[in-house]
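Peer 1: After the sequence you'll find the predicted model.
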Amino acid sequence: MKTYSIALIPGDGIGVPVTDAAGQVLEAAARRGGFALATQTYPWSCAFYKQTGAMMPPDGVETLRGFDAIFLGAVGWPAQVPDSVSLHGLLLPIRKAFVQYANIRPHRLLPGVEGPLKARQFDILCIRENTEGEYSGAGGRVHVGTPDEVAVETSIFTRTGVERILRFAFEQARKRRGKLASVTKSNAQKYSMVFWDEVTEQLKPEYPDVDVTSYHIDAMAARMVMAPESLDVVVASNLFGDILTDLGAAIQGGLGFAASANIHPGRQAPSMFEPVHGSAPDIAHLGIANPIAAIWSAAMMLDHLGEPGAAADILAAIEAATARGIGTTPGKDRTEAVTAAVLSSLV
Ligand code: IPM
Ligand code: MN
């Protein structure tokens, strides 16, 4: 039987219960689909940091390299470990080490979810550059703590990085409704963003079947609220994509519905799948975390692994649950109840 090896990193807070939910759904989908999952769980988290002084062991990345895919719950527990430490110790190094340069985030309303825009139908696929740009990590501080203190954080846009994410986005648009929105701020940022716009123009002739339009980030933020149905694939830099995908999550009803995939398209390294939401310390012990974002991310993982039928089954099971009003209102249903509702369609 075909077996896929999966590294599970539940992480912190609600990452633990939603990973458990996703794990149960994956098992059910595998049984139905006639394949197997060999899962290995790693306790890398802020609690692990408190014990060992690191978010993962020194060979953590090498340990993960051998897996077919990685599933991550959430990272961060700011009361104990500053976010700048925990994220740079686990999530961000994995994205960079495995060159998971395409962060894919689907935004659409599930049946039964009204959303703040009052059920305006839309289906947006955000593609966020995930390894460089504004989150390159290049910078420094001098004269720390003095009135002369200086902090510099440099955005890095390489031709390799910009071209590959744009090509990825063009390909996605080609598989969908053929529309691509490329998001920059080239009226104000005259080097990096003008460069991004130029690369978009250079690639355009290679994708004559894709209708590409460039937007400024501020106008795109407004468009996602006022005319989300006008959008198909949206591609943006690391920071802009980060912000737009929280906006996307909001219009689809909240972070409890926002799934994501950190893809290494070359497939020489594992890709990582995670809900967009964080560890949510405020609700972490209440048992009410919505597992739908995690379960949807698990479906994206199966799709990437080459099991599109099982992925579609999971999505249909999520939709059957939300259509019955389960998991649609934040805090109303318990994590186990939503998980059970999804599982009931996967027997
Ligand atoms: C996300 C998160 C992370 C990011 C943070 C926690 C570093 O906000 O996945 O969107 O911005 O990449
Ligand atoms: Mn974010």
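Peer 2: Okay, I see it. Note that the structure is a prediction, hence the values are computed from the model and not measured. Ligands and ions are numbered 1, 2, ... in the order given.

Peer 1: domain assignment for the protein?
Peer 2: When the chain is parsed with automatic domain parsing, its domains come out as 1-107+255-347, 116-251.

Peer 1: Out of those, which is the most enclosed?
Peer 2: Using mean count of other Cβ atoms under 10 Å, the stretch among those with the largest mean neighbour count is domain 1-107+255-347, at a mean of 20. No exception for glycine: its C-beta is placed from N, CA and C like everyone else's.

Peer 1: Look up how far Ile217 lies from whichever residue of the stretch 101-250 of the chain sits closest to ligand 1.
Peer 2: Going by Cβ to the nearest ligand atom, ligand 1 is nearest to Asp242 of the stretch 101-250 of the chain, at 4.2 Å. Relative to Ile217, Asp242 is positioned 11 Å away (Cβ to Cβ, to the nearest Å).

Peer 1: can you give me the offset of stretch 324-341 from its chain's centre?
Peer 2: Put simply, stretch 324-341 sits 22 Å off its chain's centre (Cα atoms, centre = their mean, to the nearest Å).

Peer 1: Write out the residues of this structure neighbouring ligand 1.
Peer 2: Counting by Cβ under 6 Å from any ligand atom, the chain comes close to ligand 1 at Leu87, Asp242, Val276.

Peer 1: Excluding chain neighbours, what is closest to the last one?
Peer 2: The shortest distance from Val276 to any residue that is not its chain neighbour, by Cβ to Cβ, 6 or more residues apart in numbering, is 3.8 Å, and that residue is Ala258.

Peer 1: Quick check, that neighbour in contact with His277.
Peer 2: Yes - counting by Cβ atoms under 8 Å, Ala258 touches His277, with 6.6 Å between them.

Peer 1: if I look at the two, which residues touch both of them?
Peer 2: Listed as contacting both Ala258 and His277 by Cβ atoms under 8 Å, 6 or more residues apart in numbering are Ala249, Ala293.

Peer 1: didn't Ile124 look like it was pressed against Gln172?
Peer 2: No - contact criterion Cβ under 8 Å: Ile124 and Gln172 do not qualify, at 11.4 Å.

Peer 1: shared neighbours, those two?
Peer 2: Here Ile124 and Gln172 have Val233 as joint contacts, going by Cβ under 8 Å, 6+ apart.

Peer 1: returning to what we had before: and the residue of the stretch 101-250 of the chain closest to ligand 1, that's in a helix?
Peer 2: Yes - applying DSSP: H, G, I helix; E, B strand; the rest coil, one finds Asp242 inside a helix.

Peer 1: for it, what are its contacts?
Peer 2: Asp242 is in contact with Arg128, Tyr135, counting by Cβ under 8 Å, 6+ apart.

Peer 1: Confirm that Ile9 sits in a strand.
Peer 2: Yes - under three-state DSSP, Ile9 sits within a strand.

Peer 1: Which residues does it form beta bridges with?
Peer 2: The bridge-partner assignment for Ile9, based on DSSP bridges, gives Leu72.

Peer 1: Cross-check the contact I'm expecting between it and Gly73.
Peer 2: Yes - using Cβ under 8 Å, Ile9 is in contact with Gly73, at 6.7 Å.

Peer 1: Need the overlap of contacts for those two.
Peer 2: Residues touching both Ile9 and Gly73 (Cβ under 8 Å, 6+ apart) are Thr19.

Peer 1: Pick out the residue nearest the middle of this structure.
Peer 2: Taking Cα atoms, centre = their mean, the centroid of the chain lies closest to Ser260, which sits 2.7 Å from it.

Peer 1: what helix or strand is it on?
Peer 2: Ser260 belongs to strand 259-263 when assigned by DSSP states H and E.

Peer 1: Okay, and Glu163 sits in which element?
Peer 2: Per DSSP H and E: Glu163 is located in helix 159-175.

Peer 1: where's whichever helix or strand comes after that helix relative to the chain centroid, distance-wise?
Peer 2: Next along the chain after helix 159-175, taking DSSP H and E as the criterion, comes strand 179-184. Distance, stretch centre to chain centre, for strand 179-184: 18 Å (Cα atoms, centre = their mean).

Peer 1: Name the next helix or strand following strand 179-184 along the chain.
Peer 2: Next in sequence after strand 179-184, counting helices and strands by DSSP H and E, comes helix 192-203.

Peer 1: centre of the chain versus stretch 23-32, how much separation?
Peer 2: In terms of Cα atoms, centre = their mean, the centre of stretch 23-32 is found 21 Å from the chain centre.
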